[in-house]
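Visitor: this one's sequence-less:
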């Protein structure tokens with residue numbers, strides 16, 4: 001069995017899932033793939049099921065975890081993390097299904113963790129450079145300054161605090177209290193990094209080019225944005241009072 005796993009949460013990703021599976025499985029590094037599907041009505045899970053036998057080999061394996069409803073990004077990842085820890089994976093990555101994250105950079109995130117980092121973040125804003133394609137300028141500025149805001153409030157020394165393209169060593173997931181994480185949207189990504197930092201784990205960034213989805217529908221909403229905006233203040237308060 002591989003030491004490496006990438007977790008991809010899905011909800012109505014029928015337009016992307018087949019190509020995504022083929023792309024991950026074609027990587028030279030032997031990385032297993034777990035799709036965590038929230039009962040997609042468009043048949044995403046059925047498409048994964050149809051591909052299972054093709055990728056059930058000794059080198060790499062395709063897996064699916066089916067959930068009963070749409071319960072948020074954060075809970076999908078937490079379910080996937082538990083699945084990975086139970087099966088003794090050493091390096092657990094997370095990424096989106098819409099090809100906004102460059103699949104070919106997965107081995108580089110893992111390599112930085114193997115070389116000494118505990119967490120490696122695929123960063124859109126590394127070194128002050130904005131590497132985003134196909135976003136309107138307003139969204140670029142909102143995302144960039146949102147990360148600046150999070151960095152200011154939390155003290156995290158990370159340029160891309162809301163990034164969802166990340167590799168974790170298993171020790172991190174075992175130590176940070178993933179069952180205590182309450183946020184479900186982009187604030188989940190912030191809290192994961194914040195808890196890792198609070199535990200003293202070494203976080204590094206790796207520059208990537210982020211490309212907005214060309215197929216499927218974005219899951220971003222004003223509710224998710226508000227959660228991230230106010231959630232960081234709650235995280236800071238919890239740290240002050242020793243609750244994280």
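Guide: Everything's here; your move. Bear in mind that the values here come from a model prediction, so they are computed numbers and not experimental data.

Visitor: Could I get the full set of strands for this protein?
Guide: Taking DSSP state E as the criterion, the chain carries its strands at 4-10, 31-37, 62-66, 91-94, 119-123, 132-133, 166-169, 203-207, 210-211.

Visitor: Residues contacting the fifth one, please?
Guide: Here strand 119-123 makes contact (C-beta atoms under 8 Å, 6 or more residues apart in numbering) with 95, 101-102, 105, 109-110, 112-113, 158-160, 163, 165-169, 172, 193, 196, 201-208. Where C-beta positions appear, they are placed from N, C-alpha and C, glycine not excepted.

Visitor: Likewise for the first one?
Guide: When contacts are taken as C-beta under 8 Å, 6+ apart, the neighbours of strand 4-10 outside the stretch itself are 17, 20, 24, 29-38, 40, 44-45, 73, 76-77, 80-81, 84, 87, 89-97, 106, 110.

Visitor: go on, stretch 21-33?
Guide: 1-2, 4-6, 8, 35, 48, 51, 55, 59-63, 89, 93, 99, 103-104, 106-107, 110.

Visitor: of those, buried ones?
Guide: The neighbour-count test (16 or more other C-beta atoms under 10 Å) marks 2, 4-6, 8, 35, 48, 51, 55, 60-63, 89, 93, 99, 103, 106-107, 110 as buried among these.

Visitor: How far off centre is stretch 189-202?
Guide: 14 Å (C-alpha atoms, centre = their mean, to the nearest Å).

Visitor: Quick one: mean pLDDT over that stretch.
Guide: For stretch 189-202, mean pLDDT rounds to 95.

Visitor: what about the residue lying closest to residue 112 once chain neighbours are set aside, neighbour count?
Guide: Nearest non-adjacent residue to residue 112, counting by C-beta to C-beta, 6 or more residues apart in numbering: residue 120, 4.2 Å away. Number of residues near residue 120 (other C-beta atoms under 10 Å) recorded here: 27.
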